[in-house]
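**Q** Quick one, what's the 3D model for this:
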Amino acid sequence: MQIRSYRLMTYTQKPLQKHDPYRTPPKNYVQLLQHITRARKVDKLNSLVRQYHLKFDAVHVAAAMSVLPKLYEPMQSAKGLRPSKIREKREVPQRLLEQLQRLANEQVPRMFAREMASVTWSLGRLRNLLPQHGRDTATRELLNSMVKRISKDNSRLLYQGATGAEIAKLLHGMARLGYGNNATVNRLCRFIRNQPGRFHAKELAAVAWALERLKCKGADAAAALDAISSKAVELRLYMRPAHMCSLLTAAARMHRRDEQLLSVITEEAQEQLDSFKPGQLAVLVWALGRLQCTPKAELLAAVNSRSKARLEQFSSKELGMLLKGLSQLNSLDKQLLADIAAGLSKEEAVALSCRDAARILAAYVKVPDAGTVRDVDGMARRIGAAIHRKTHSVKPYIIANLLLCYSKLGCHAPVVFGLLMAATEDTANLTISHWLSLLQSCKRLGFADAAVSDSAVVDFYQAADKALQQHLLGAAAPATVAAVQAADVAPAQSLSDAEKGATGQQQPRKSSGRDGLWQRLTGSLQQQKPQDQAAEEPRQPKQHTLHFGPAVEVALLLNERAALGPGRPALSQNSVVYLADVGAKTMPDMTLRQIMMLLTAVLSADRYATLEEVRQLLVAAGKKLQAELQGQEESQVPWPVLVALTRPLSRAISKGMLAKQGVHLMQTVYEQMMDHVDQCTEKQLQALCDSMGIADVYHDALLARAEAIASERGFRLPKPNEWQAFR
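**A** Numbering: from 1, shown residues only. Modelled structure (predicted):
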C-alpha cells in the first residue's frame with residue numbers, strides 16, 4: 001500500500017496594512033462609524049476627524065471620543081523621554097480632543113443617554129489633556145448643556161432605555177471632572193434607587209466609587225447606596241476583586257457600615273484571595289480597618305502570608321495602606337515587619353511620600369517591642385533620607401506623626417531636624433495639639449537637654465514658645481502682645497528656689513525659647529486668683545490674662561513642662577490652687593484623658609497634695625471617674641489612658657486621700673486592664689506595677705499576667721519587696 005505524505009502547511013503573517021479592511025474610504029455613515037471604532041492609532045483617528053468632521057452626527061462624535069482614551073493611554077507609558085518629546089506626543093491628542101469637544105457641543109440636542117454617557121466618561125479619562133483639568137469654560141459649558149438635556153421632561157431620556165453601564169459612565173466622568181451638579185446627581189440617585197435591576201456588579205462598584213468622590217449627601221444618595229448594597233449582595237457570585245475593593249473604598253470613605261455587605265465581601269474575598277493583586281490586598285485590609293470590621297482570623301492570616309510572598313510587588317503607597325489596615329485590625333505579623341524592614345534597609349534609593357512613610361513607621365510603633373525587630377533603625381534612616389527633601393511641603397499632622405514615630409523608635413535620623421525646621425516655617429497651620437505632640441516627641445528624643453544646641457532645635461523651641469504663649473493668652477490686647485514680644489527679645493529674669501535661699505536676691509539668667517514660656521506661664525498663674533477670692537478683692541489690672549477653656553491644654557503643658565528644657569522650678573502653691581479650682585468647676589465637661597492630665601499636673605508635687613482645693617478636685621474627679629468607668633462599655637474605654645490614670649490615683653491613695661473610693665477605682669482599672677495587658681509596652685507594665693506598690697493595692701491576676709509577659713519579652717519587673725522604694 002502506498003502511503004501518501006502531506007507537506008505541513010505553514011501560515012505566513014502578512015503586514016498589518018494588507019489585512020486592514022478599512023484602508024478604503026468610507027462610503028456611508030455606517031462605514032464611517034466602523035472606521036472610527038476600528039482606529040488603532042491617534043493619527044488615524046485624527047485624519048478621520050479632520051477629513052469627515054462635517055459628516056459627523058452625535059453617534060460618530062461619541063464613538064470618536066470613546067476611542068481616544070484607549071489610544072492615548074498607551075502613549076503615556078513611554079518612559080525616558082525628554083519633556084519636549086512628551087509635549088510633542090500630547091499635541092495631537094490635545095488638538096483632537098478640542099475639536100471633538102466643539103463637535104459634541106453642536107450635537108448635544110441630538111444626543112441620547114448613551115452618547116452623553118460616552119462623552120462624559122471620555123472627558124473624565126482625558127482630564128489631563130484639558131485646560132485646568134476639566135474646569136475650563138468650554139468643558140463646563142458642554143457639561144451644562146448635557147445636564148440640561150438629561151433633566152428635560154423629568155429625565156425621560158434616562159428611563160427610555162438607559163442601562164446601568166451608561167449611568168455608571170455618567171457618574172464616573174462627573175466624579176473625575178469634579179462636576180458635582182447636585183440636582184443631576186440626585187436624579188441619577190433616584191434612578192439607581194428605582195431601577196437597581198439594570199446594574200451589574202462592575203457598574204455597582206463604579207457608581208459607589210463615583211458617589212463617594214462627588215461627596216453625595218442627602219436622602220436620595222443614602223437610598224441609592226442602600227440599593228447598591230442590596231443589589232451587590234444579590235450579585236455576590238459575580239463580584240471580582242476589583243469590584244469588592246471599589247465597594248469597600250466607597251464605604252470606608254463615606255463611613256457607611258453595612259454588616260450584610262461586609263460579611264458577603266469578606267467571605268468572597270477569602271474564596272478569591274489568590275486572584276487579588278498586591279494593591280487590592282492593601283485596599284481590602286485598609287478599608288476593613290477603617291470601618292473597624294474585623295474579619296475571620298483565617299482571612300487575615302492568609303493576607304499576611306500572601307503579602308510576605310509578594311512583598312516586592314507592592315508600591316510604597318500600597319505598602320503603607322497594607323500596614324495601616326493591619327495595624328488597625330491588630331493583625332500585624334512580626335515576620336512581615338521584619339521582611340519589610342530588611343528589604344527597605346537594603347534599598348539604595350527608596351521612593352515614597354511622607355504620608356506613606358508615616359504609615360509604615362506607625363506600624364512598627366503600634367506593635368509592642370517592634371522596635372527590637374532587626375534592621376528597623378536602618379529602615380527608618382533610609383526612609384528619612386527618602387523624604388528629607390520633601391519636608392518643606394508636608395501637612396502639619398504628617399509632621400507630627402513622623403516625629404512621633406521617630407521619637408518612639410528612638411531613631412535620631414537627620415530627617416528629624418528637617419521636620420523641626422518644617423514645623424518652624426509653617427507655624428500658621430500648626431494647632432495646639434500639633435505643638436504639644438511635637439514637644440513630647442522632642443522630649444523623648446532628648447532635645448530638652450541643655451547640651452543640645454542645634455540651630456533647628458533652638459529655632460523650633462522659640463517658635464513653640466511664641467505659639468503656645470499666644471494660645472494661652474487668647475485674644476489679648478495689642479499692648480499685651482507687644483509686651484510678650486518684648487519679653488521674648490529681652491533676657492528674662494528668673495531665679496531658682498535654691499539661688500533665692502543662698503543670695504536673698506534675684507540674679508539675672510539668660511533665657512531661651514525653652515524656658516521663656518514656662519517662666520511667663522507660671523508667672524501668669526501666680527497672678528491669678530480663684531474666682532471666689534477674686535470677687536472679694538478689688539480687681540487690679542493684669543499684664544497677662546490666661547485663657548483656659550476647659551483647662552486641659554494648660555494642664556498638659558504643666559505636666560510636660562520638662563519638654564521645654566531641664567531644671568524647671570516646681571509649681572508654686574498659687575498655680576496649683578488655681579488649676580485645682582478651675583479643674584473642679586469644669587470637671588463635668590472633661591474626658592478621662594483630660595482628667596488624667598490635670599491630676600498628674602496637680603499631684604506632681606507631693607507637698608501640695610494636702611491642700612483643700614486639691615482635695616475638692618480629687619473628690620470631684622473621683623465621682624466623675626466612677627461614673628465614666630462604670631457607665632462605659634469595657635471595649636470603649638481607652639486603655640492607655642487607664643494606665644496613665646493609675647499614677648495620680650496611686651499618689652492620692654498613698655497620701656491618705658480618696659480612701660475607699662480610690663481603692664475601688666484602682667481595682668476597677670485593674671479589672672478592665674486584664675483584657676489589654678497583652679498590648680502594653682514595657683514602660684506601661686512598669687507603670688502598672690509601680691502604681692500597685694505606691695498605693696498598696698494589688699491585683700494578683702494582673703500582676704501574674706504582667707510577670708509572664710515580662711518573662712516572654714525578656715525584661716524584669718520589680719518584686720513586691722522592692723516596691724517600698726516607690727512609696
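
**Q** Select the longest helix from the chain.
**A** helix 83-107 (DSSP state H).

**Q** Can you mark which positions in it are buried?
**A** Neighbour counts over helix 83-107 (16 or more other C-beta atoms under 10 Å) mark 89, 92-94, 96-97, 99-101, 103-105, 107 as buried. C-betas here are computed from N, CA, C, even on glycine.

**Q** what's in contact with stretch 395-411?
**A** For stretch 395-411, contacts defined as C-beta atoms under 8 Å, 6 or more residues apart in numbering pick out 354-355, 357-358, 361-362, 364-365, 371, 376-377, 380-381, 384, 387, 391, 394, 412-413, 415-416, 419-420, 422-423, 426, 429-431, 433-434, 437-438, 440-442, 444-445.

**Q** Relative to the whole chain's centre, how far out is that stretch?
**A** In terms of C-alpha atoms, centre = their mean, to the nearest Å, the gap separating the centre of stretch 395-411 from the centre of its chain is 13 Å.

**Q** okay, the closest residue to Thr120 other than its chain neighbours: pLDDT?
**A** Using C-beta to C-beta, 6 or more residues apart in numbering and skipping the chain neighbours, the partner closest in space to Thr120 is Gly173 (3.4 Å). Gly173 is assigned a predicted lDDT (pLDDT) of 93.

**Q** Show the buried residues in the contacts of stretch 395-411.
**A** 354-355, 357-358, 361-362, 364-365, 371, 376-377, 380-381, 384, 387, 391, 394, 412-413, 415-416, 419-420, 422-423, 426, 430, 434, 437-438, 440-442, 444-445.

**Q** quick one: low-confidence ranges for the stretch 551-700 of the chain?
**A** Counting by pLDDT under 70, the stretch 551-700 of the chain shows low-confidence ranges at 551-575, 604-606, 631-637.

**Q** could you pull out the helices for it?
**A** With DSSP state H, counting those that start in this stretch, the ranges of helices along the stretch 551-700 of the chain come out as 552-559, 573-585, 592-602, 612-631, 639-654, 659-673, 682-695, 700-713.

**Q** who touches the longest one?
**A** For helix 612-631, contacts defined as C-beta under 8 Å, 6+ apart pick out 530, 576-577, 580-581, 583-584, 587-588, 590, 592, 595, 598-599, 602-603, 608, 637, 645, 652, 657-658, 661-662, 664-665, 668-669, 672.

**Q** 6 Å instead, please
**A** 577, 580-581, 583-584, 587, 592, 595, 602, 652, 657-658, 661, 665, 668 (C-beta atoms under 6 Å, 6 or more residues apart in numbering).

**Q** coming back round to it: including mean neighbour count and distance to Glu271, could the helices of the stretch 551-700 of the chain go into JSON lines?
**A** Below are those laid out as JSON lines (neighbours: other C-beta atoms under 10 Å; distance: least, C-beta to C-beta, whole Å):
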{"stretch": "helix 552-559", "mean neighbour count": "22", "distance to Glu271": "49"}
{"stretch": "helix 573-585", "mean neighbour count": "22", "distance to Glu271": "56"}
{"stretch": "helix 592-602", "mean neighbour count": "23", "distance to Glu271": "42"}
{"stretch": "helix 612-631", "mean neighbour count": "17", "distance to Glu271": "42"}
{"stretch": "helix 639-654", "mean neighbour count": "21", "distance to Glu271": "35"}
{"stretch": "helix 659-673", "mean neighbour count": "17", "distance to Glu271": "38"}
{"stretch": "helix 682-695", "mean neighbour count": "20", "distance to Glu271": "40"}
{"stretch": "helix 700-713", "mean neighbour count": "14", "distance to Glu271": "36"}
